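**Student:** pasted the sequence and its predicted model underneath.
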Amino acid sequence: MVRFLIKGVLRDRSRSRLCFIIIGGCVTLTVFLRGFFVGFLDDMLRQSAILLTGHVKVTTPAYAEEADLLPNDLAILEVDSLLAAMSANYPDLFWSPRITFAGLLDIPDESGETRTQSPMMGIAVDLLSEDTRQPELWDLAPKITRGRLPQEPDEVLLGEEFASRLEVEPGETATFIGSTMHGGFTTYNFRVAGMVSLGVSGIGDYFILADLGGARQALDMQGAASEIFGFYNDMYYDDPAAIALTAGFNNIHNRADDAYSPFMQALRDQNQMGQVVDYAKIEMWVIILIFMTVVTIVLWNLGLMSGLRRYGEFGMRLAMGETKGHVFGTTVAESVIIGLGASVIGTAVGLLLTYLVQEVGIDYSSMMEGYDFPMTLVMRAKITPDCWFIGFIPGVFATMLGTMLAGRGIFKRQLSQLFKELELEA
Amino acid sequence: MDDNHIVEIRDLVKNYPVGGGHFTALRDVTTDLVVGEFTGLVGPSGSGKTTLLNIIGGLDAPTEGSVTVLDMPLGGKNHKELAHLRREGIGFIFQTFNLLPVYTVFENVEFPLLLIGMAADERKELVDQALEWVGLTDKVKSRPAQLSGGECQRVAIARAIVKKPKLIIADEPTANLDAKNSHNIMQILVHLNQELSTSFIFATHDEKVMGYLTRIIHLIDGRIDEDEHISEPEYRKGK
């Protein structure tokens, strides 16, 4: 019987082709939407983690409270011993100390007088030690627009827009004017190694990226760091694990009576990222749910049309002794055959599209000019394991549901009218 | 039930609700159909022919009285039991053929056997045999759209006869055919009736069909007006 049904589905193009195209298209869109949302969310979380929050972040409670003011006088001290302990206790993560600082950047002319000057915001990470993963995380090499990567502690990278505004070239000196972590006045001469374009809106106009060693020197922060960022080794943010890790860490290390004891926050605890994560996940499922509902309604209508077209066939089959349940069952089985076939094709096309957008990305930087929120300017999809099967939900289940709704008419059929109805079919 | 009877009808009444009251389509019908009979239900429109066919075929239920078909009393039977009766014991031939357009001649004829759940080898043997009876062995792979009206009706006959049912119900089987094809079809049915002892019951207005019947039940206003047994039907004379 199944072979008989498959033959019918393959031969009756008016029965299968439109359904196949609609289901396949819907499955393609479902797979792509899923991959796109996951990629977008993943990119956003990754970007946020690298730039602002880490997957988890350790500061002092006092620093966390005033973090917007970049209060390096509240920085963590004796960072190396804390790093060693955390590396030993949490092997799923790697740790990276960071100094975030602000001040003025002065570009002197040949005689040492100020040529240009601007407020700046700096991030100092470990760019130079052998086992550092920071250049890889920031993906710096391809983002260098001029010059090269820093090779010495006192070398810095300037945001391309910032460097253009200051009219500074690689190799020139840039003097940081600010205050040390102890509140003293400091000036420190950095050498501009190159310019970088991070591809993130809101970063670049006032941005310098320094090596941790150079920043410590400039700010008199030996052995200290503003924050210690923790990243999962696979760079995938696991929200429940991060929450559990944070709670465990704070139980052990954080003391309520010590404003300088280590205090850990997960990504979701910072910059309202928790809301973003929750909202994005809900939004994704709402869209997929709406999408599935629409698909079901469309397929319901297709099923109704098909049912009308095959009214005579169903009548003949009922007259010949097929039960209503069997006729209904075979129409559902046909829908499963069509749904499965279309889902396989739709998933393949969806994966291909997702792969293309994963590799090439969609550059929307021109739309983000003037926005200061740090967001990636190239949206990328991501093929996740569920992309391989998520399309089968609308592809098979929505098709079945639509067919079952449409097929209810079979049970309402009055057999006593069959002869008359079949005569009218001529 | 008498062994020789294929259908027994006793005091059959069929009412249909109309507005606040009801319309009586059949009243006090009592008759038996005997194995191998070639019976026609004849009468004007509204006389109850199709209603009686429906009830015998288990497609409709009597309001009063009893109907027994192939030893199964139809009163109180549910949809599945009646479907089983039709599937196993009754063949249907429709005025408009009602073939499945996307399937070949072979597959159309094979369909009732699939419903029974018969094995493939056995199905092939029976389908080949049925197509031989109706003279369509050269059209096995054709689709209905490639056939003439007469050929389509022969496929429909093969489909009805393939499972060798004891009873075949035919509703105006020649209504859409010209005279030549009508005679062809009726001759095939007569041959099958004689060869397989299959009982046939027709609803018809067609004089050509009546010329082959061995029994004609005249219905008027839902009653049997005349029950005529014909020893030598007009078109069978001399055969």
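**Tutor:** Now that the structure is in, tell me what you want to look at. Quick caveat: nothing in here was measured; it's all calculated off a predicted structure. Numbers count the residues shown, from 1 in each chain, chains lettered A, B, ... in the order given.
**Student:** could you pull out the strands in the stretch 1-150 of chain A for me?
**Tutor:** A:56-59, A:93-108, A:114-125, A:144-147 (DSSP state E, counting those that start in this stretch).
**Student:** deepest of these, which one?
**Tutor:** Using mean count of other Cβ atoms under 10 Å in any protein chain shown, the stretch among the strands of the stretch 1-150 of chain A with the greatest mean number of neighbours is strand A:56-59 (a mean of 26). For the C-beta atoms, the positions are set from N, CA and C on the backbone; glycine is no exception.
**Student:** show me what that one is packed against.
**Tutor:** Strand A:56-59 is packed against strand A:227-232, helix A:239-253, strand A:263-266, with contacts defined by 3 or more Cβ pairs under 8 Å, 6 or more residues apart in numbering or on different chains; DSSP states H and E.
**Student:** do that again at 10 Å, thanks
**Tutor:** For strand A:56-59, the elements it packs on are helix A:61-65, helix A:79-89, strand A:93-108, strand A:227-232, helix A:239-253, strand A:263-266, judged by 3 or more Cβ pairs under 10 Å, 6 or more residues apart in numbering or on different chains; DSSP states H and E.
**Student:** how distant is it from the center of its chain?
**Tutor:** Here strand A:56-59 shows a centroid-to-chain-centroid distance of 21 Å under the convention Cα atoms, centre = their mean, to the nearest Å.
**Student:** so what are the sheet partners of that strand and their directions?
**Tutor:** Paired strands of strand A:56-59, with direction, are strand A:227-232 (antiparallel), strand A:263-266 (antiparallel) (DSSP bridges).
**Student:** hey, C-alpha coordinates of the longest one in CSV?
**Tutor:** If I follow you right, that is strand A:227-232. Below are the C-alpha coordinates for strand A:227-232, written out as CSV (Å, rounded to 0.1, in the frame of the first residue of the first chain):
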residue,chain,number,x,y,z
GLU,A,227,39.0,42.7,35.4
ILE,A,228,39.8,39.1,34.8
PHE,A,229,37.8,37.7,31.9
GLY,A,230,37.0,34.1,31.7
PHE,A,231,36.1,32.3,28.5
TYR,A,232,34.9,28.8,27.9
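**Student:** hang on, the earlier thing: pipe the strands of the stretch 1-150 of chain A into TSV and attach mean pLDDT per row.
**Tutor:** TSV is the format used below for the strands of the stretch 1-150 of chain A (pLDDT from 0 to 100):
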stretch	mean pLDDT
strand A:56-59	94
strand A:93-108	94
strand A:114-125	94
strand A:144-147	93
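**Student:** right, and the helix or strand after the helix ranked longest in chain B?
**Tutor:** As far as residue count goes, and with DSSP state H defining each element, the longest helix of chain B is helix B:179-196. Where DSSP states H and E defines the elements, the next helix or strand beyond helix B:179-196 is strand B:199-204.
**Student:** so where do the helices sit in the chain?
**Tutor:** Went with chain A since none was named. Remark: helices assigned in chain A by DSSP H are A:2-11, A:13-48, A:61-65, A:79-89, A:134-138, A:160-166, A:212-219, A:239-253, A:273-309, A:311-319, A:324-359, A:392, A:399-412, A:418-424.
**Student:** my bad, the chain I had in mind was chain B
**Tutor:** Going by DSSP H, chain B shows helices at B:49-56, B:79-89, B:105-116, B:120-133, B:149-161, B:179-196, B:207-210.
**Student:** and the contacts of the shortest one?
**Tutor:** Residues lying outside helix B:207-210 but in contact with it, judged by Cβ atoms under 10 Å, 6 or more residues apart in numbering or on different chains, are B:38, B:40, B:42, B:170, B:172-175, B:177, B:179, B:182-183, B:185-186, B:189, B:202-204, B:216, B:228, B:230, B:233-235.
**Student:** put the buried members of those residues into a ChimeraX selection.
**Tutor:** Buried residues among the contacts of helix B:207-210 (16 or more other Cβ atoms under 10 Å in any protein chain shown), as a ChimeraX selection:
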select /B:38,40,42,170,172,173,174,175,177,182,183,185,186,189,202,203,204,216,230,233,235
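**Student:** give me every residue that touches the closest residue to chain A within chain B.
**Tutor:** Here the residue of chain B nearest chain A is B:Arg87; by Cβ to the nearest Cβ that distance is 2.7 Å. B:Arg87 makes contacts with A:Met320, A:Gly321, A:Glu322, A:Thr323, A:His326, B:Pro112, B:Leu115, B:Ile116, B:Gly117, B:Lys163, B:Pro165, as judged by Cβ under 10 Å, 6+ apart.
**Student:** so which bits of the stretch 1-150 of chain A are right by chain B?
**Tutor:** A:1, A:3-5, A:7-15 (Cβ under 10 Å from any Cβ of the partner chain).
**Student:** please check the residues you listed and keep the buried ones.
**Tutor:** A:Leu5, A:Gly8, A:Val9, A:Arg11, A:Asp12, A:Arg15.
**Student:** so where is chain B shaky, pLDDT-wise?
**Tutor:** For chain B, residues meeting the criterion pLDDT under 70 lie at B:1-3, B:237-239.
**Student:** against A:Tyr90, how distant is the residue lying closest to A:Ser261 once chain neighbours are set aside?
**Tutor:** Leaving aside its sequence neighbours, A:Ser261 sits nearest to A:Arg255 (Cβ to Cβ, 6 or more residues apart in numbering or on different chains; 4.6 Å). A:Arg255 sits 19 Å away from A:Tyr90, going by Cβ to Cβ, to the nearest Å.
**Student:** number of residues surrounding the nearest residue to B:Val140 once chain neighbours are set aside?
**Tutor:** Leaving aside its chain neighbours, B:Val140 sits nearest to B:Phe106 (4.7 Å; criterion: Cβ to Cβ, 6+ apart). For B:Phe106, the neighbour count with other Cβ atoms under 10 Å in any protein chain shown is 20.
**Student:** just the one 4 residues further on next, same as before
**Tutor:** Neighbour count of B:Glu110, defined by other Cβ under 10 Å: 23.
**Student:** OK, contacts around the nearest residue to A:Ala124 once chain neighbours are set aside?
**Tutor:** Distance criterion Cβ to Cβ, 6+ apart; nearest residue to A:Ala124, sequence neighbours excluded, is A:Ala215 at 3.2 Å. Contact analysis of A:Ala215 by Cβ under 10 Å, 6+ apart lists A:72, A:98-101, A:122-125, A:153-154, A:156, A:176, A:188, A:190, A:208, A:221, A:225-226.
**Student:** A:Leu41 contacts A:Leu267, correct?
**Tutor:** No: counting by Cβ atoms under 10 Å, A:Leu267 is not a contact partner of A:Leu41; they are 12.0 Å apart.
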